[in-house]
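Undergrad: Prediction below, plus the sequence it came from.
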Amino acid sequence: EKFSPEDKSSLIQIQKNLRTITMTLISFYQVDHTYDRNFVIKYLTELETLLKNLISNHLTDKSVGRVEQIFGVVKTPEFLDSVYVPKKNSEMREIMGKVVSDLNRCLEAGIL
């Protein structure tokens with residue numbers, strides 16, 4: 001068994017956090033004027049910490065660095081605003097529409 005009881009507990013917390021973030025991101029996209037940047041950053045930061053704590057004992061520092069790199073982009077105010085502030089970046093908004101569609105499918109299929 002590769003995962004300790006603590007790791008398994010952490011995986012459950014990551015799953016819960018990921019589901020909360022997913023539902024929040026979908027809602028912020030679909031319902032105008034509900035976007036709360038600080039809320040998203042808080043939960044993404046928590047998810048990043050949980051993931052790094054879990055993988056640091058199982059993967060290389062390079063892999064942990066990749067997680068940091070991804071979160072270093074997606075949890076920035078500039079990135080989030082480009083996705084959620086209406087008319088700020090129409091191209092990003094269009095891409096996010098596709099992401100939201102995929103996230104909805106994942107929720108419906110019980111993946112998230």
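TA: Looks like it came in fine.
Undergrad: which regions of the protein sit below the pLDDT cut-off?
TA: Along the chain, the model assigns pLDDT under 70 to no residue.
Undergrad: Walking through it, point out its helices one by one.
TA: With helices called from DSSP state H, the chain shows them at 5-30, 37-55, 61-74, 77-84, 90-108.
Undergrad: Reformat those as a markdown table; add mean neighbour count.
TA: From N, CA and C alone the C-beta is placed, and that goes for glycine too. Output for the helices of the chain, formatted as a markdown table (neighbours: other C-beta atoms under 10 Å):
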| stretch | mean neighbour count |
| --- | --- |
| helix 5-30 | 15 |
| helix 37-55 | 16 |
| helix 61-74 | 12 |
| helix 77-84 | 16 |
| helix 90-108 | 13 |
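Undergrad: any idea how far residue 10 is from residue 29?
TA: 28 Å (C-beta to C-beta, to the nearest Å).
Undergrad: Spatially nearest residue to residue 96 (excluding sequence neighbours)?
TA: Excluding the flanking residues, the one nearest residue 96 by C-beta to C-beta, 6 or more residues apart in numbering is residue 83, at 4.7 Å.
Undergrad: who's in contact with the one you found?
TA: 29, 89, 92-93, 96 (C-beta atoms under 8 Å, 6 or more residues apart in numbering).
Undergrad: Let's have those residues in TSV, adding distance to residue 1.
TA: Output for the contacts of residue 83, formatted as TSV (distance: C-beta to C-beta, whole Å):
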residue	distance to residue 1
29	39
89	45
92	42
93	44
96	38
